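> Structure, please.
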Amino acid sequence: MTNLSVEAIAQTEQPLPGAPDNWKRFFSFSTDHKVIGIQYLVTSFFFFLIGGLLAMIMRGELITPESDLVDRAVYNALFTMHGTIMLFLWTFPSLVGLSNYLVPLMIGAKDMAFPRLNAAAFWMVPVFGTILMASFFVPGGPSQSGWWAYPPVSLQNPTGNLINGQVLWLLAVALSGVSSIMGAVNFVTTIARMRAPGMTWFRMPVFVWTVLSAQMIQLLGLPALTAGAVMLLLDLTVGTSFFDPAKGGNPVLYQHFFWFYSHPAVYVIILPIFGVFSEVFPVYARKPLFGYRLVATSSLVITGLSTLVWVHHMFASGTPGWMRMLFMATTMLIAVPTGIKVFAWVATIWGGQLRLNTPMLFALGGLVMFLFSGITGVMLGSVPFDIHVNNTYFVVGHFHYVVYGAVVMGMYAALYHWFPKITGRMYSEGLGKLHFALTFLGTNLNFFPMHPLGLMGMPRRVASYDPEFAFWNVIASLGGFLLGMSTLPFLLNTIGSWVQGEKAPKNPWRAIGLEWLLSSPPTTENFEELPIVIAEPYGYGKSEPLVSNPDALEVIHESR
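Residues are numbered from 1 along each chain as shown. Now for the predicted structure:
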């Protein structure tokens, strides 16, 4: 990596002039990666609150066996919108926002490789978010087909209108895919070509490795889902016959398009959280990350194996026996690189000087719940067990332990850890620990009961159920309401601290990394001069500096 290559990339995309330098910049077409990162985070959290409200309505319906709160069609639409919002408008955008903010800082770049493309990818989010929300209110919407939109059910058009709710829903999903592909091109290019001098591959923080691995999955798999959504959209609007069995189409083909991406999508969202764990544990344990190179490269192994596991979602779809055995084996195999990471985190924590600050609590809580979801995931990878619990609440419980127990808890760990760097303010530890306690308790109360419910045979996607399932559903609903309440101390903490919190120093956690050399928050162009990296990361207890720039040495020595 040379200065010439960095400058050549940077010259291809000059930032737009005239962007305001105050709060108004968050409502502008800014090309500053830090502004775009915050725009992603705030926008996605707004949709997170909407998706959570829908979930609380569903749990209100399920607190009694009878369907007595909302109409059954409305309930069906609620769970479809909840799932779609939480994935396409919260999980993906929030992680892209966090990555947008941190990756250039961590690799010593002044911005992303393509700033304008970066801004365009973000501004598509409120556009397709609005379209997606509109699909809920337009007749013929997502109540009929679920958030998988399986044909031939999704091909029904009871309204007879060309533009109906299902069409709007598919259009939103397709636009989401385009936005994410644009972002993936930007991330991969930035990490490959914009690293500071001396920032070799094995001097990159693990978070950058995990973002690179996740975005490579986006480039490999997301075109399949986007193409499937477009093809289904054409079947609905112009009468093509890709998936319509009445016209010779193959509906199972859509399942392959959908799951070829939608299972690797789990790794797209969990890999950056693995990176967060790898950044947080060494800081609050005051120890180097155990097995840095193995942890880094295991992310690439997960990327490769993620393309070979999608059929385990189709074990009940009439797949041949040899295919079931093959994909059961690949599903089990992907636990190996994941297990390497877990072992490394435990070894990092073991014997460390633990500081149980809010980020560390959320990271530890996320790790515990990821371990539980990993155990149930291996169970679901087994063909006999998967067929037994297919379409039951066991699958729902497993999935939510991943996407809420691990991903959301890890996201909270990241937000608290980098909050001083992003805002220049310190948050309230008391409110942070209250937030953790409510979230950890609410998550387990909400999602653990789904496992015995699934083993008892309760199907998912139902508004009413046999009274024998009532006990566990009451507990799950109470946990869901507690999760809704848990966001209140978070909002109070972050908004209040950002407005009038104590000013943050450059490096309040005594952490190691290029981002902690900068002011809090960093200046527009990040680095006045490109840092020259001369050491591997995570060197707690070592005396050598991370960079050779004299102005940076004092901060680095203080951080160690």
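> for the one helix or strand Met106 maps to, packing partners?
Met106 belongs to helix 92-107 when assigned by DSSP states H and E. With contacts taken as 3 or more CB pairs under 8 Å, 6 or more residues apart in numbering; DSSP states H and E, helix 92-107 sits against helix 33-62, helix 115-137, helix 165-193, helix 206-237, helix 264-285, helix 409-423. Bear in mind the C-beta positions are built from the backbone N, C-alpha and C, glycine included.
> Give me the distance between that helix and the centre of its chain.
Distance, stretch centre to chain centre, for helix 92-107: 11 Å (CA atoms, centre = their mean, to the nearest Å).
> so that helix versus helix 206-237, what angle?
Helix 92-107 runs at 150 degrees relative to helix 206-237, counting by axes from the mean of the first three to the mean of the last three CA atoms, to 10 degrees.
> need the helices and strands packed on helix 92-107 in TSV with mean pLDDT and mean neighbour count, can you?
Shown next, in TSV, are those (pLDDT from 0 to 100; neighbours: other CB atoms under 10 Å):
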stretch	mean pLDDT	mean neighbour count
helix 33-62	97	20
helix 115-137	96	19
helix 165-193	96	22
helix 206-237	96	23
helix 264-285	96	26
helix 409-423	97	25
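> Looking at those, which is nearest to Glu528?
helix 33-62 (15.6 Å; CB to CB).
> Let's have the helices and strands packed on helix 92-107 in JSON lines, adding distance to Pro384.
Shown next, in JSON lines, are the helices and strands packed on helix 92-107 (distance: least, CB to CB, whole Å):
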{"stretch": "helix 33-62", "distance to Pro384": "28"}
{"stretch": "helix 115-137", "distance to Pro384": "37"}
{"stretch": "helix 165-193", "distance to Pro384": "33"}
{"stretch": "helix 206-237", "distance to Pro384": "28"}
{"stretch": "helix 264-285", "distance to Pro384": "22"}
{"stretch": "helix 409-423", "distance to Pro384": "31"}
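> got the angle for the helix holding Met106 vs helix 409-423?
Going by the same axes, to 10 degrees, helix 92-107 makes 50 degrees with helix 409-423.
> Can you get me a residue count around Ala246?
Number of residues near Ala246 (other CB atoms under 10 Å) recorded here: 8.
> Just read off the phi/psi values of Val309.
phi -130, psi 0 (degrees, to the nearest 10).
> Go ahead and confirm it touches Ile334.
Yes. Between Val309 and Ile334 there is a contact at 6.1 Å, judged by CB atoms under 8 Å.
> Find me the pLDDT at the closest residue to Gly51 other than its chain neighbours, would you?
Spatial nearest neighbour of Gly51, chain neighbours left out: Ile85 (3.9 Å); criterion: CB to CB, 6 or more residues apart in numbering. Listed pLDDT for Ile85 reads 96.
> Would you quantify the distance from Ile85 to Ala55?
To Ala55, Ile85 is 10 Å away according to CB to CB, to the nearest Å.
> Kindly report the same for Phe277.
25 Å.
> and if you look at Met216?
Using CB to CB, we find Met216 at a distance of 31 Å from Ala55.
> got it, and Gly228?
On the measure of CB to CB, Gly228 and Ala55 end up 26 Å apart.
> same question, Leu308
For Leu308 relative to Ala55 (CB to CB), the value is 32 Å.
> do Tyr427 as well
The spacing between Tyr427 and Ala55, counted by CB to CB, is 26 Å.
> swap in Val407?
Note on Val407: its distance to Ala55, by CB to CB, is 15 Å.
> Run a quick neighbour tally on Glu502.
With other CB under 10 Å as criterion, Glu502 counts 12.
> residues touching it, list them.
425-426 (CB atoms under 8 Å, 6 or more residues apart in numbering).
> Could you measure from it over to Met426?
Where Met426 is concerned, Glu502 sits at a distance of 4 Å (CB to CB).
> Kindly report the same for Val208.
Val208 is 26 Å from Met426, by CB to CB.
> give me the low-pLDDT residue ranges for this protein?
1-24, 538-560 (pLDDT under 70).
> what separates the closest residue to His417 other than its chain neighbours from Glu279, distance-wise?
Excluding the flanking residues, the one nearest His417 by CB to CB, 6+ apart is Pro359, at 3.9 Å. Distance of Pro359 to Glu279, computed by CB to CB: 9 Å.
> Do you have the helices of the stretch 351-500 of the chain handy? List them.
Secondary structure of the stretch 351-500 of the chain (DSSP state H, counting those that start in this stretch): helices at 358-381, 383-388, 393-400, 409-423, 429-447, 450-456, 470-500.
> For Thr190, which of those helices is the nearest?
Of all the helices of the stretch 351-500 of the chain, helix 409-423 comes closest under CB to CB, at 18.2 Å.
> so what does the closest one touch, helix or strand wise?
Based on contacts counted as 3+ CB pairs under 8 Å, 6+ apart, the elements that helix 409-423 packs against are helix 33-62, helix 92-107, helix 264-285, helix 358-381, helix 429-447, helix 470-500.
> Report the buried residues of the last one.
It stands for helix 470-500. Within helix 470-500, the residues scored as buried using 16 or more other CB atoms under 10 Å are 472-473, 475-484, 486-487, 489-490, 493-494, 497.
> packing partners for it?
Here helix 470-500 touches helix 33-62, helix 409-423, helix 429-447, helix 450-456, going by 3+ CB pairs under 8 Å, 6+ apart.
> As CSV, these with distance to Asn390 would be great.
Formatted as CSV, those follow (distance: least, CB to CB, whole Å):
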stretch, distance to Asn390
helix 33-62, 20
helix 409-423, 27
helix 429-447, 19
helix 450-456, 10
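> out of those helices, nearest to Trp345?
Trp345 lies closest, by CB to CB, to one member of the helices and strands packed on helix 470-500: helix 409-423, at 11.6 Å.
> okay, the angle between that closest one and helix 470-500?
Using the same axes, to 10 degrees: helix 409-423 against helix 470-500 is 10 degrees.
> send the alpha carbons of helix 409-423 over as CSV?
C-alpha atoms of helix 409-423 as CSV (Å, rounded to 0.1, in the frame of the first residue of the first chain):
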residue,chain,number,x,y,z
MET,A,409,-26.7,-6.9,22.5
GLY,A,410,-23.5,-6.6,20.5
MET,A,411,-24.7,-3.5,18.8
TYR,A,412,-25.4,-1.9,22.1
ALA,A,413,-21.9,-2.8,23.3
ALA,A,414,-20.5,-1.1,20.2
LEU,A,415,-22.7,2.0,20.6
TYR,A,416,-21.6,2.5,24.3
HIS,A,417,-18.0,1.7,23.5
TRP,A,418,-17.6,4.2,20.7
PHE,A,419,-20.2,6.7,22.0
PRO,A,420,-17.5,9.0,23.4
LYS,A,421,-15.7,8.9,20.1
ILE,A,422,-18.8,9.5,18.0
THR,A,423,-20.4,12.3,20.1
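> That helix versus helix 358-381: what angle between them?
Going by the same axes, to 10 degrees, helix 409-423 makes 150 degrees with helix 358-381.
> which residues touch stretch 442-457?
By CB under 8 Å, 6+ apart, the list of residues contacting stretch 442-457 reads 59, 369, 376, 389, 392-398, 400-401, 404-405, 409, 468-469, 472-473, 475-476, 478-480, 482-483, 485-486.
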